[in-house]
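Here is my input; please provide its structure:
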Amino acid sequence: MSLFYRQFGSGRPLVFLHGLFGSGDNWQTLLSKLEGFEVWLPDLRNHGASPWFDDFSVQELATDLYDFLDEHKIERPLVGGHSLGGKTAMEFALSWPERLSGMICVDMAPRAYAPQYDGFVSSLLEVNLETIHSRSEAQNLLATRIPDKATLLFLLKNLVPDEKGTGWRWRLNLKALEQHYDQIWIGLNKKDKQDRDRVWKGPALFVAGGQSEYVRAKDWPLILDFFPQAELQTIEGAGHWLHAEKPAEVLTVIRRWLDQKNDFLPPSSQLKR
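Model prediction:
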């Protein structure tokens, strides 16, 4: 499967994954300011311009990333992501530790979460795409179901003209997301199929929003259990969408961490080739 992607810059490869309901362009403005990196921004399956599939899980998203690196011959990149993208990056690092050189996880922990954004998918599915004539009309229809305007406008970025230009379509595979929604929120497995501990021993940066509930102080022991070299940086005054709320601060934290890491190589015991 070939994921749609955006690519810019030059230098060390960085593959960064967006969150649920998003697409790669959510991070393009911020990461385009990161000098010295060849940045790749794929759209996850069932999101953006990437293909749709009936199946949807964090494990499958991580496998998609593995295939993406093979397809584009990207060797040992820095891998990162926000929210669901961060969870995918964690799963990838734990499953194929030899395939990356470092990891950045933005506002996500490896624990299980109660499903968030209750009613979003069902609300979008209820919009009759055959009768609306504009995105603003859809916004009016959804305003009572999704009252936070910023969130609603973010979701409506996925409502685009159809191929004929006479109607509208969702860039999200809403039926697949609805069917597998609970899968998004389960915790990462600590053991592999051979009952061995899954651990990424390479450099890892966790960036948390100070006003977000996604990464809490009590999550830190679990994070270190999976990622013993992890470092945590908190962006004060930011919630879960910290890259939109505090972009300069997020970029500064990432740059500072990168500057401190001259060589993104895991311990030799993890190298397989």
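
Can you spell out which helices and strands pack onto the helix or strand where residue 40 lies?
In this structure, residue 40 sits in strand 37-42 according to DSSP states H and E. With contacts taken as 3 or more CB pairs under 8 Å, 6 or more residues apart in numbering; DSSP states H and E, strand 37-42 sits against strand 5-8, strand 12-17, helix 28-31, helix 58-71. All C-beta atoms are positioned from the backbone trio N, CA, C, and that covers glycine.

Please, where are all the strands along the stretch 151-273 of the chain?
In the stretch 151-273 of the chain, the strands defined using DSSP state E, counting those that start in this stretch lie at 159-161, 168-170, 204-209, 230-235.

for these, which one ends up most surrounded?
Among those, strand 204-209 has the highest mean neighbour count (mean count of other CB atoms under 10 Å), at a mean of 25.

sorry, back to before: columns mean neighbour count, distance to residue 248 and mean pLDDT on top of the helices and strands packed on strand 37-42, output as a markdown table?
Output for the helices and strands packed on strand 37-42, formatted as a markdown table (neighbours: other CB atoms under 10 Å; distance: least, CB to CB, whole Å; pLDDT from 0 to 100):
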| stretch | mean neighbour count | distance to residue 248 | mean pLDDT |
| --- | --- | --- | --- |
| strand 5-8 | 16 | 19 | 98 |
| strand 12-17 | 25 | 17 | 97 |
| helix 28-31 | 16 | 9 | 97 |
| helix 58-71 | 18 | 28 | 98 |
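
Now do residue 259, the pLDDT please.
pLDDT, residue 259: 88.

State the distance from residue 88 to residue 153.
Residue 88 sits 25 Å away from residue 153, taking CB to CB, to the nearest Å as the criterion.

ok so, going back, can you redo the helices and strands packed on strand 37-42 as JSON lines, where the extra columns are distance to residue 139?
Formatted as JSON lines, the helices and strands packed on strand 37-42 follow (distance: least, CB to CB, whole Å):
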{"stretch": "strand 5-8", "distance to residue 139": "26"}
{"stretch": "strand 12-17", "distance to residue 139": "27"}
{"stretch": "helix 28-31", "distance to residue 139": "23"}
{"stretch": "helix 58-71", "distance to residue 139": "29"}
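
Figure out which of the ones you listed is closest to residue 116.
Nearest to residue 116 among the helices and strands packed on strand 37-42 is helix 58-71; the distance by CB to CB comes to 14.6 Å.
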